[in-house]
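Structure of the sequence below:
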Amino acid sequence: MRPSSATRPEYLAAFIELVQRIAAPLRELPKRSLPIKMYVAGGAAMHFYTGERISNDVDAVFSKRIALPSDLEVTYRDPDGAARLLYFDRQYNDSFALMHKDAHEDSAPLALKHIDASVLDVRLLTPVDLAVSKISRFSSQDRDDITALAKHGLITSAALYRRSQEAMKDFVGNLESLEGSISLACRIVEDAERRQSG
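As a prediction, the model looks like this:
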């Protein structure tokens with residue numbers, strides 16, 4: 001897939017530069033070790049799907065353990081000329097999120113100029129898996145992201161409920177609280193569905 005037409009070009013250019021820095025040392029690896037897959041979640045994936053919400057950090061994990069380059073911060077300018085920073089979040093860990101066991105396998109390849117997918121295969125969590133990943137923390141920002149995905153017609157309440165229930169089978173902790181968050185998330189999507197149909 002390609003980024004949404006609403007994706008800001010200056011953000012896309014900064015993201016590509018960041019990915020190029022990650023990919024550069026990987027070209028030296030034996031072909032049998034490639035490609036390395038990069039699974040993108042969080043605000044970056046949200047922006048590529050919806051064009052909404054510019055995030056300063058990139059949340060991603062990889063198919064293999066890799067030594068990341070030290071310089072993973074890119075400065076760029078907004079259309080209004082304001083300086084912005086995009087950086088790779090080295091603290092991101094998707095083991096703390098509600099995540100379906102097939103989320104990585106089902107992720108969508110993101111076509112990016114100047115990025116060789118046979119070296120670094122950049123992938124976005126599917127919209128429904130992105131929504132599921134928002135449920136365990138379920139902050140106001142997470143709720144807004146779920147609303148945006150629903151508003152753009154990228155998820156349905158039925159799919160979100162089914163996928164999150166399947167993901168629960170591999171999650172430990174306060175499941176009662178999580179069930180409540182799933183119900184609220186599905187209601188958010190149902191409301192968006194009603195507004196679209198009405």
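
and the residue nearest the centre of the chain, what are its bridge partners?
The residue lying closest to the centre of the chain (Cα atoms, centre = their mean) is Ala41, at 1.8 Å. Ala41 forms beta bridges with Asp59, as assigned by DSSP bridges.

unless I'm mixing things up, it is touching Val58, no?
No: shown here, Ala41 and Val58 do not form a contact pair, counting by Cβ atoms under 8 Å, at 9.2 Å. In this view, the C-beta of every residue, glycine as well, is placed from N, C-alpha and C.

Show me the common contact partners of these two, please.
Taking Cβ atoms under 8 Å, 6 or more residues apart in numbering as the contact criterion, no residue touches both Ala41 and Val58.

does the residue found closest to Asp78 once you drop the neighbours it is linked to in the chain count as helix, strand or coil?
Excluding the flanking residues, the one nearest Asp78 by Cβ to Cβ, 6 or more residues apart in numbering is Arg84, at 5.6 Å. Classification of Arg84 using DSSP: H, G, I helix; E, B strand; the rest coil returns strand.

pLDDT at Gly198, what is it?
Predicted confidence (pLDDT) for Gly198: 68.

Next secondary structure after the strand or helix carrying Ala131?
Here Ala131, judged by DSSP states H and E, is contained in helix 127-133. Next along the chain after helix 127-133, taking DSSP H and E as the criterion, comes helix 140-151.
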